[in-house]
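Peer 1: no FASTA, just this:
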């Protein structure tokens, strides 16, 4: 018998950039994907695990071909934690997106955070995920440099307990010539009536260094959740700050099906970060299976 | 748990064009495909629906890569009908192939109908399918024009009841420069001993206009079904007519597995339609899962 | 209801060539793959069968796109045997790899056998597999030559009974200009404490002819299996021999999950076979689902 689980997300919406035509877009709330995963109990607390997951462009039928370009790995899990081999999200990636206001969607102000510019899922990767001790867990990831590829080495430590989440992560992306270091610290506190989200990021690409700060809140109102957030980024040696504000709402038709709407504004500052001013808004539907 | 249904068609046969070598071909009776679909009951008569379906070249292993290039959408269904977002067959497509003699296969004489030259499944589409009222239903579809793509706007209305099917559809394909309008009216009547199929199509691409007529019959004889049909196309201002005749049979090994054979002749007339004379015959096997 | 079975192999390891950096690699023990297959009972002993199977690069996420490039066919099975249409492993392929020492893996010394250089799964193929009579069975395969493709025509006959396996296969790969003939005879004998593997291959590409010999043994020791083997190849008219030696072990974590390690040495002889001297070793994990 087959022991594989099929799963995925189909998320389609329309998005309007103030200065462009309305477009249909896939994955505004969460990246559309199709995956195959499974695990096998090997006895003695040990399991074999695998995942094959690829991205979808639901609006256009994935014209560049379906690939397992999100994650593709096999590994072993047990009391020691879990170890994975293949194309895997880095340890930094585990943490970095956790506090992005407006549901970590296409409307999140976090688009201007340089600390999110890391390599997310390098090829030929190895990842170790620790077990949890009293709410604390961590992970380490790296990858082999084949064909001159960038080596991304990362770790994360996080605490989850009661209303609190707190995380710390660091990643170094090293190609033959340059090295970029990413550090992030973030946390959330759930007051019940609202969940506060806050994050700090520091990025160093040689002598160019930048600091970003993100703050936001999710407010649940029955099936509706409102979220708003603000991000500002400062490049060392420049007085201007890059600012972004986002606002959005989700409406849960069920646990698996969500309607959403959001908007984001990025301010008009000359900056070293190469992110243009823009005002974007949109809405859509996300279904998970 | 996974809530997705896997389905597909694997159809392989051999086809011989009178002036060429015998070739193995995929999808002679029905386009080979692999799909993933599902629906979720959201309560109150509302459902979330999705489909991800891609074409297969069974004879060669789909060497150009598997893509969800047939349909790829997410939507909502309820008492109001169904609305879909993504890459979707147009409303015109719902109707246009319904009366093609010889099982709407590679042997159908309908190959010479200009009214079947429309864009079938544009990217970034939106489609509304009405509920049925006393056998009558309809649909409307359009799409966003991204990157200068053609906009295909279509509607269809159809009646199904007892031995009768009747349909009407219209589609306008509009790129930046040109506009092509397709209109089709078609119907079938099931006498029991035979089912008659008839269709009319009108195509207008600027000042070039063409009319096509299709007539055919399916004759069930136990597990065997015979089908034959004739199509003629006339381009306004030209006295010649393009004619095509097709003949075929299916043999049901089960509801899901069918053997088939067919032949088609397209006549040798100089024509504006750019379809060469040909005689084609072939046979194969189709299995649905 | 869906009647399709999902299955696959995810196999990832690291491999080190003496003169190169360590690399992560997919499919060292068995080619990584994802497949969809099914069969339908048609009554009277007849079944419809299909398979769609594509290769995976687990280490890199299959960046060249997922295709059904291993097998892709539909067919009928019954008392007469089985007939398949599509992209199918040739009859020669059924037999040729059966005695490769070191688990027919990336560490097998068989890499220097010219008799394994045949076309494995041509497009537009037809294959007939006979039923078994007293342990004896056989198969025949060929394919249509579309677009100037090579025609690969092959047959195999094999006997399996008690501790014995014995096989014979022949394949002719014919493009417009050249013809290469492959012949192989091989067998295994299971003494219980060890299984002996032996194979002979003869390859003739025009006037260039080569003979290869392979010998090996698998030794089961509980969950561990050791395997070692030696292959030598002689090209007619040259006195040098190409030699390769391989050694490996598997450790079964379960029937479906295996750890493995292996090494192979190819000797440094000037040869017409274009295979460089190399020393390779590696280890990995294979999980089947």
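Peer 2: In hand now; what should we look at? Note that the structure is a prediction, hence the values are computed from the model and not measured.
Peer 1: these two touch, right, residue A:188 and residue A:162?
Peer 2: No. Counting by C-beta atoms under 8 Å, residue A:188 does not reach residue A:162; the two are 11.6 Å apart. Where C-beta positions appear, they are placed from N, C-alpha and C, glycine not excepted.
Peer 1: more neighbours: those two, which one.
Peer 2: residue A:188 (20 against 8; other C-beta atoms under 10 Å in any protein chain shown).
Peer 1: in a helix, the more buried one, correct?
Peer 2: No. Residue A:188 is assigned strand when assessed by DSSP: H, G, I helix; E, B strand; the rest coil, not a helix.
Peer 1: just the closest residue of the stretch 101-250 of chain A to chain B, please.
Peer 2: residue A:223 (11.2 Å; C-beta to the nearest C-beta).
Peer 1: give me the nearest residue to that residue, chain neighbours excluded.
Peer 2: residue A:252 (4.6 Å; C-beta to C-beta, 6 or more residues apart in numbering or on different chains).
Peer 1: what bridges to the one you found?
Peer 2: The partner list for residue A:252 in beta bridges (DSSP bridges) reads residue A:258.
Peer 1: may I ask which helix or strand encompasses residue A:93?
Peer 2: helix A:91-96 (DSSP states H and E).
Peer 1: for residue A:10, same thing?
Peer 2: Going by DSSP H and E, residue A:10 is in strand A:5-17.
Peer 1: after that strand, which helix or strand is next?
Peer 2: Assigned by DSSP H and E, the successor of strand A:5-17 is strand A:23-26.
Peer 1: and that following strand, how far out from the chain middle?
Peer 2: 20 Å (C-alpha atoms, centre = their mean, to the nearest Å).
Peer 1: and it, average pLDDT?
Peer 2: For strand A:23-26, the mean pLDDT works out to 97.
Peer 1: in its sheet, what does that strand sit against?
Peer 2: When DSSP bridges is applied, strand A:23-26 pairs with strand A:5-17 (antiparallel).
Peer 1: mind listing what the residue of the stretch 101-250 of chain A closest to chain B touches?
Peer 2: Neighbour list for residue A:223: A:251-253 [criterion: C-beta atoms under 8 Å, 6 or more residues apart in numbering or on different chains].
Peer 1: I figured the residue nearest to residue A:223 hits residue A:285, correct?
Peer 2: No. In this structure, residue A:252 is not within contact of residue A:285 by C-beta under 8 Å, at 11.6 Å.
Peer 1: how about residue A:13, nearest residue that isn't a chain neighbour?
Peer 2: In space, residue A:13 is closest to residue A:284, 1.9 Å off (C-beta to C-beta, 6+ apart).
Peer 1: what's near enough to touch the one you found?
Peer 2: A:11-14, A:25, A:28-29, A:259-261, B:85 are the contacts of residue A:284 under C-beta under 8 Å, 6+ apart.
Peer 1: from those, which is closest to chain C?
Peer 2: residue A:11 (20.4 Å).
Peer 1: chain B contacts on the stretch 1-150 of chain A?
Peer 2: With C-beta under 8 Å from any C-beta of the partner chain as the criterion, the stretch 1-150 of chain A meets chain B at residues A:5-8, A:10-14, A:21-24, A:26, A:34, A:56-66.
Peer 1: at 10 Å instead, please
Peer 2: Within the stretch 1-150 of chain A, the positions near chain B by C-beta under 10 Å from any C-beta of the partner chain are A:4-14, A:20-26, A:32, A:34, A:36-37, A:56-67.
Peer 1: distance of residue A:254 from chain B?
Peer 2: Distance of residue A:254 to chain B, computed by C-beta to the nearest C-beta, to the nearest Å: 5 Å.
Peer 1: and that residue, what does it touch?
Peer 2: A:223, A:287-288, B:40-43, B:46-48 (C-beta atoms under 10 Å, 6 or more residues apart in numbering or on different chains).
Peer 1: show me just the buried residues among these.
Peer 2: By neighbour count, with 16 or more other C-beta atoms under 10 Å in any protein chain shown, those hold A:287-288, B:40, B:42, B:46-48 as buried.
Peer 1: which among these gets closest to chain C?
Peer 2: Comparing the buried ones among the contacts of residue A:254 against chain C with C-beta to the nearest C-beta picks out residue B:40 as the nearest, at 16.8 Å.
Peer 1: beta partners for the nearest residue to that closest one once chain neighbours are set aside?
Peer 2: With sequence-adjacent residues excluded and distances taken as C-beta to C-beta, 6+ apart, residue B:40 is closest to residue B:48, at 4.5 Å. Bridge pairing for residue B:48 (DSSP bridges) gives the partners residue B:40, residue B:76.
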